[in-house]
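Enquirer: Below are the sequence and a predicted model for it; my questions follow.
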Amino acid sequence: MTIINVTIAGGSGNLGSKLARAFIAEGGYKVNVLSRTDSQSKNLDNLRSQGVNIITVDYSRDDDLLRALRGTDILVCTLYYTAIGELQPVLVRAAKLAGVRRIVPCDFMAESSEVQAVMHKDMHAIGREIAEAQLEYTRYYCGVFYEYLTTSVSIDLENRKATVVGKGDKPFSLVHDEDLVRFIAASLKSPRSKNARIGFESSSTTYLELIAAIEKHAGIEIQVKHLPVDPSFSFADEIDIKDADAIGLQFGYSAELGVAGPNRIDNDICPSFRTTSLDEYLASRFNEK
Ligand SMILES: NC(=O)c1ccc[n+]([C@@H]2O[C@H](COP(=O)([O-])OP(=O)(O)OC[C@H]3O[C@@H](n4cnc5c(N)ncnc54)[C@H](OP(=O)(O)O)[C@@H]3O)[C@@H](O)[C@H]2O)c1
């Protein structure tokens, strides 16, 4: 079996560390993680003990990056969102010089320009860099992670309140990050992943269904406030991810306007792949027997 040498920039983080473990569980990968010299990540020792090769880098030094990326077949970026704009182009150029074959840039969110603009200053920049470097790419798009549903998507569990834009009856796509990482590890082996934009979802739901499911699993009643749809609403250019109200409003509109997820679903790239339903996730989140 040919072993794929995969390197994850930002692989010590929330998504990246899960992805590193998924590559190991999938098999057929040698897994490396790029981590800053002064990284505070608590995941590094655990990853090391699971056989991940941790490479400390100074992203401002080209020679350091070149050394770190030599031998890599596929470079995946799972960097913190504020670091993406500056570091991804540098990584792509170093990857080209190091002989890396393919880039998986840090997407892992909705594909629409409305939502992309909220997170990225120039959402087309990375596509241009990859094209100029003439590297292969695989880009993964998905909806909001299950994990964030009860934190930053307008459902205030503590105060048992939810703000819904419009009627809340439009379906939108959701993903369990544990499903997404397993899917990435499996689908990167498929020829269909070469130079492809891939949409993946664990499930889809509407706001009202989501609230009802949370009420059932948490055993609480949630007060729902409906905001009328403002036709002059425009998505913000870049937003502070810690501003839960602003994120909730952007998400409410993206759900109402049907731009909260991938443009199409390509789960069939891995035909027998089993996803986690929202019900299963919420049952474990609220610790049901
Ligand atoms: N669809 C969704 O709902 C959703 C939700 C969350 C995230 N995401 C996606 O997943 C990506 C990763 O998110 P995450 O939550 O896993 O990120 P994270 O854990 O906050 O950060 C990932 C890693 O980035 C590195 N990093 C942090 N700040 C940096 C900086 N200033 N410069 C360079 N590196 C830095 C750190 O690695 P070292 O310290 O080891 O260098 C960190 O462990 C996001 O960018 C986004 O695309 C999607």
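Expert: Perfect, I can see it now. Numbers count the residues shown, from 1 in each chain.
Enquirer: only C-alpha atoms for contact and neighbour calcs from this point on.
Expert: Noted.
Enquirer: residues of stretch 77-86 that come out buried?
Expert: For stretch 77-86, the neighbour count (16 or more other C-alpha atoms under 10 Å) marks Cys77, Thr78, Leu79, Ile84, Gly85 as buried.
Enquirer: any low-confidence regions in the stretch 101-250 of the chain?
Expert: Using pLDDT under 70 as the threshold, the predicted model of the stretch 101-250 of the chain has low-confidence ranges 152, 238.
Enquirer: need the strands for it, in chain order.
Expert: In the stretch 101-250 of the chain, strands defined by DSSP state E, counting those that start in this stretch lie at 102-104, 136-141, 144-145, 155-156, 161-165, 172-175, 196-199, 203-205, 223-227, listed in chain order.
Enquirer: Tabulate the ones you listed in a markdown table, adding columns for mean neighbour count and distance to the ligand.
Expert: Supplementary listing: the strands of the stretch 101-250 of the chain in a markdown table, determined by neighbours: other C-alpha atoms under 10 Å; distance: least, C-alpha to the nearest ligand atom, whole Å:
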| stretch | mean neighbour count | distance to the ligand |
| --- | --- | --- |
| strand 102-104 | 23 | 11 |
| strand 136-141 | 21 | 8 |
| strand 144-145 | 20 | 3 |
| strand 155-156 | 22 | 14 |
| strand 161-165 | 22 | 18 |
| strand 172-175 | 24 | 7 |
| strand 196-199 | 18 | 12 |
| strand 203-205 | 18 | 13 |
| strand 223-227 | 13 | 22 |
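Enquirer: Adding distance to Leu91, write those strands out as a markdown table.
Expert: Compiled in a markdown table, the strands of the stretch 101-250 of the chain are given as follows (distance: least, C-alpha to C-alpha, whole Å):
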| stretch | distance to Leu91 |
| --- | --- |
| strand 102-104 | 9 |
| strand 136-141 | 13 |
| strand 144-145 | 26 |
| strand 155-156 | 37 |
| strand 161-165 | 39 |
| strand 172-175 | 27 |
| strand 196-199 | 20 |
| strand 203-205 | 33 |
| strand 223-227 | 42 |
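Enquirer: Residues of the stretch 101-250 of the chain that sit close to the ligand?
Expert: By the criterion of C-alpha under 6 Å from any ligand atom, the positions of the stretch 101-250 of the chain lying close to the ligand are Cys106, Asp107, Phe108, Met109, Gly143, Val144, Phe145.
Enquirer: among the strands of the stretch 101-250 of the chain, which is nearest Ile184?
Expert: Closest of the strands of the stretch 101-250 of the chain to Ile184 is strand 136-141, at 8.0 Å (criterion: C-alpha to C-alpha).
Enquirer: So for Arg285, which of the strands of the stretch 101-250 of the chain sits nearest?
Expert: strand 144-145 (13.1 Å).
Enquirer: Report all helices and strands that the closest one contacts.
Expert: When contacts are defined as 3 or more C-alpha pairs under 8 Å, 6 or more residues apart in numbering; DSSP states H and E, strand 144-145 sits against strand 172-175.
Enquirer: Pull the residues that contact the strand it packs on.
Expert: 142-146, 200-206, 255, 258, 260-262 (C-alpha atoms under 8 Å, 6 or more residues apart in numbering).
Enquirer: ok, 7 Å please
Expert: Under the contact criterion C-alpha atoms under 7 Å, 6 or more residues apart in numbering, strand 172-175 has outside partners 142-146, 201-206, 255, 258, 260-261.
Enquirer: got a list of what the residue lying closest to Phe108 once chain neighbours are set aside touches?
Expert: The shortest distance from Phe108 to any residue that is not its chain neighbour, by C-alpha to C-alpha, 6 or more residues apart in numbering, is 4.9 Å, and that residue is Tyr141. If a contact means C-alpha under 7 Å, 6+ apart, then Tyr141 has Asp107, Phe108, Met109, Ala110, Glu111, Ile198, Gly199, Phe200, Pro262 as its contacts.
Enquirer: Report the separation between the most far-flung residue of the chain relative to its centre and Ala212.
Expert: Relative to the mean C-alpha coordinate of the chain, counting by C-alpha atoms, centre = their mean, the farthest residue is Glu221 (30.2 Å). According to C-alpha to C-alpha, to the nearest Å, Glu221 stands 9 Å off from Ala212.
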